[in-house]
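>>> let's see this in three dimensions:
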Amino acid sequence: EKVSTLATLVLGLPGCSEESIMGTIDFVLEIDPDYASFNIITPLLGSKLREQWEVEGFIGLETYENQDSTHANISHLDIPPERLQHLRDVAVRRFYFRIGYILRRLTQIMTFPQFLNETKTGWKLFRRHVL
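Below you'll find the predicted structure:
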């Protein structure tokens, strides 16, 4: 049985530029894993990064924002939050909506429930990142 591969990426790290994010997306397309997870930097409560950013004043000690790495909610980064969110959407669209990727996924479907699951997942991605 084939082992699935996953690339997990963090977008928006300090010092990160739009050009470096686009290069990262190109690299993921080149290595062509089975799945890719594009996450926006989110300093989680209790993490070293969170503690550092609290000390540096980037995040208030009383701030308990959404701990969701699919949305940009930190405004001090090198890339504005709305632009970072757009770049994440670009990454998802470029990875998951390639004709070759879609055809590969379709040829791996073996059962009707699997077909339903893939269709549902694809529709959610399309609604969230394209519409």
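
>>> residues contacting residue 124?
Going by Cβ atoms under 8 Å, 6 or more residues apart in numbering, residue 124 touches no other residue. C-beta here means a position set from N, CA and C on the backbone, and glycine is covered the same way.

>>> please, which helix or strand holds it?
Here residue 124 is covered by helix 112-129, with elements defined by DSSP states H and E.

>>> what are the buried residues along that helix?
Along helix 112-129, these residues count as buried under the neighbour rule (16 or more other Cβ atoms under 10 Å): residue 129.

>>> show me what counts as buried in the helix or strand bottoming out on mean pLDDT in the chain.
Scoring the helices and strands of the chain by mean pLDDT, DSSP states H and E places helix 48-55 at the bottom, with a mean of 83. Within helix 48-55, the residues that count as buried by 16+ other Cβ under 10 Å are 50, 53-54.

>>> can I get that helix in PDB, CA atoms only?
Provided in PDB are the C-alpha atoms of helix 48-55 (Å, rounded to 0.1, in the frame of the first residue of the first chain):
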ATOM      1  CA  LYS A  48       7.900  30.100  23.200                       C
ATOM      2  CA  LEU A  49       7.000  32.300  20.200                       C
ATOM      3  CA  ARG A  50       3.900  33.600  22.000                       C
ATOM      4  CA  GLU A  51       5.900  34.400  25.100                       C
ATOM      5  CA  GLN A  52       8.600  36.200  23.100                       C
ATOM      6  CA  TRP A  53       6.000  38.300  21.200                       C
ATOM      7  CA  GLU A  54       4.300  39.200  24.400                       C
ATOM      8  CA  VAL A  55       7.600  40.300  25.900                       C
END
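
>>> how far is it from where the chain is centred?
22 Å (Cα atoms, centre = their mean, to the nearest Å).

>>> where does the nearest residue to residue 17 once chain neighbours are set aside land in three-state SS?
Counting by Cβ to Cβ, 6 or more residues apart in numbering, residue 17 lies nearest to residue 78, which is 6.5 Å off, once chain neighbours are set aside. What DSSP: H, G, I helix; E, B strand; the rest coil gives for residue 78 is coil.

>>> ok, residue 109 next?
Following three-state DSSP, residue 109 is assigned to coil.
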